[in-house]
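Sequence and predicted structure are below.
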Amino acid sequence: MKCALVTGGSRGIGSAICQKLAEDSQYHILINYQSNSDAAQKTLDEVVKKGATAELIKFNVADAEDVKTALTTWQEANPEAIVEVIVNNAGITKDGLFMWMSHEDWTNVINTSLNGFFNVTNFFIQRMLRNKYGRIINMVSVSGVKGTAGQTNYSAAKGAVVAATKALAQEVAKRNITVNAVAPGFIRTDMTGDLDEKELIKLVPVNRFGEAEEVADLVSFLVSKKASYITGEIININGGIYS
């Protein structure tokens, strides 16, 4: 059984990616979530409707022990299963000006995006290397590429994952494993629900927010065999906001 794991797969871009992979690939889809079991179940139902097999796998990417326990338990229950695709999508924001930022808001954002990438990817990387095939996609952000005021913590976390993407890509390329990052701009999801869309689209040359499905299309391409010569890249998908 060949599998694709999507962290933070219950809502927004993560859910869209799970559904797109269900349409475009033959993978058994592992939908990771942390707390929202209703949303995770909805995503699972949509994935199955599209003809794929899938299961839910609950853990907090930021908690190294939780990740190790959940993934070890799953691997032991499915000894023949091979995770060929990892989409590191889980992330949180705790926005605020740096001068007023609490240590907790700094640490939580870094732990989820950066340590989450390490905890999940590191668990599978040796198996991928032995298997001589893999696709690792790290969801970053325009904030991690250009920096965004009020998001020093999120920009730092995503910027670190950008650098990690470039470094890891070089380490594993000979084994037919690609590592790429996808950097969305303003995408219409729960996470951007509080933003002033009317005001912000003035910054976007194409004059609208993107849709989660558009990001999922890009991820699906990078997961496919067609993208085997693309690695170490950070691909912006932001309507021209930054290039």
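Looks like it arrived, so ask away. Residues are numbered from 1 along each chain as shown.

From now on I want contacts and neighbour counts done on CA atoms only, so please keep to that.
Fine.

can you confirm Val83 is in a strand?
Yes - according to DSSP: H, G, I helix; E, B strand; the rest coil, Val83 belongs to a strand.

Where do the helices of this structure begin and end?
Assigned by DSSP state H, the chain shows helices spanning 12-24, 37-49, 64-77, 103-110, 116-131, 142-146, 152-172, 197-200, 212-223.

Quick one: those as CSV, columns for mean pLDDT and mean neighbour count too.
Below are the helices of the chain laid out as CSV (pLDDT from 0 to 100; neighbours: other CA atoms under 10 Å):
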stretch, mean pLDDT, mean neighbour count
helix 12-24, 97, 24
helix 37-49, 96, 18
helix 64-77, 98, 14
helix 103-110, 96, 17
helix 116-131, 98, 17
helix 142-146, 90, 20
helix 152-172, 97, 21
helix 197-200, 78, 12
helix 212-223, 97, 20
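
any residues touching stretch 9-19, and which ones?
Stretch 9-19 has contacts (CA atoms under 8 Å, 6 or more residues apart in numbering) with 6-8, 29, 31-33, 36-37, 39-43, 46-47, 50, 89-90, 189-191, 212-213, 215-217, 219-220.

6 Å instead, please
Contacting residues not belonging to stretch 9-19 are listed as 8, 31-33, 39-40, 43, 47, 189, 212-213, 216 [CA atoms under 6 Å, 6 or more residues apart in numbering].

Can you tell me which of these is nearest Gln126?
Each of the contacts of stretch 9-19 was checked against Gln126 using CA to CA; the closest is Asn32, at 20.6 Å.

and the closest one, what are its bridge partners?
Ile57 (DSSP bridges).

my read: it touches Thr7, true?
Yes - at 4.7 Å, Asn32 and Thr7 qualify as touching, with contact defined as CA atoms under 6 Å.

Neighbour count for the two, which is higher?
More neighbours surround Thr7 than the other of Asn32 and Thr7, with 29 against 24 (other CA atoms under 10 Å).

Distance-wise, check that one relative to Asp45.
In this structure, Thr7 and Asp45 are 17 Å apart, going by CA to CA, to the nearest Å.

residue contacts, Tyr27?
2-4.

Quick check: the gap between it and Asn153.
As defined by CA to CA, Tyr27 lies at a distance of 34 Å from Asn153.

Check Lys50 and give its pLDDT.
Note for Lys50: predicted pLDDT of 95.

What are the phi and psi values at it?
phi -80, psi 10 (degrees, to the nearest 10).

To what extent is it buried, counted in neighbours?
As a burial measure, Lys50 scores 15 neighbours (other CA under 10 Å).

How about Ile230?
Per other CA under 10 Å, the neighbour tally for Ile230 reads 12.

Apart from its chain neighbours, what residue comes closest to it?
Nearest residue to Ile230, sequence neighbours excluded (CA to CA, 6 or more residues apart in numbering): Thr178, at 7.0 Å.

Return a PyMOL selection command for the buried portion of the contacts of Tyr27.
Entered in PyMOL, the line below selects the buried ones among the contacts of Tyr27, by 16 or more other CA atoms under 10 Å:
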select buried, resi 3+4
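
if you look at the contacts of Tyr27, which of them are in strands?
Using DSSP state E, 2-4 are the members of the contacts of Tyr27 that sit in strands.

Wait, Asn153 touches Trp106, no?
Yes - the criterion here is CA under 6 Å, and Asn153 meets it with Trp106 at 5.3 Å.

in the chain, which residue is closest to the centre?
Asn89 (1.8 Å; CA atoms, centre = their mean).
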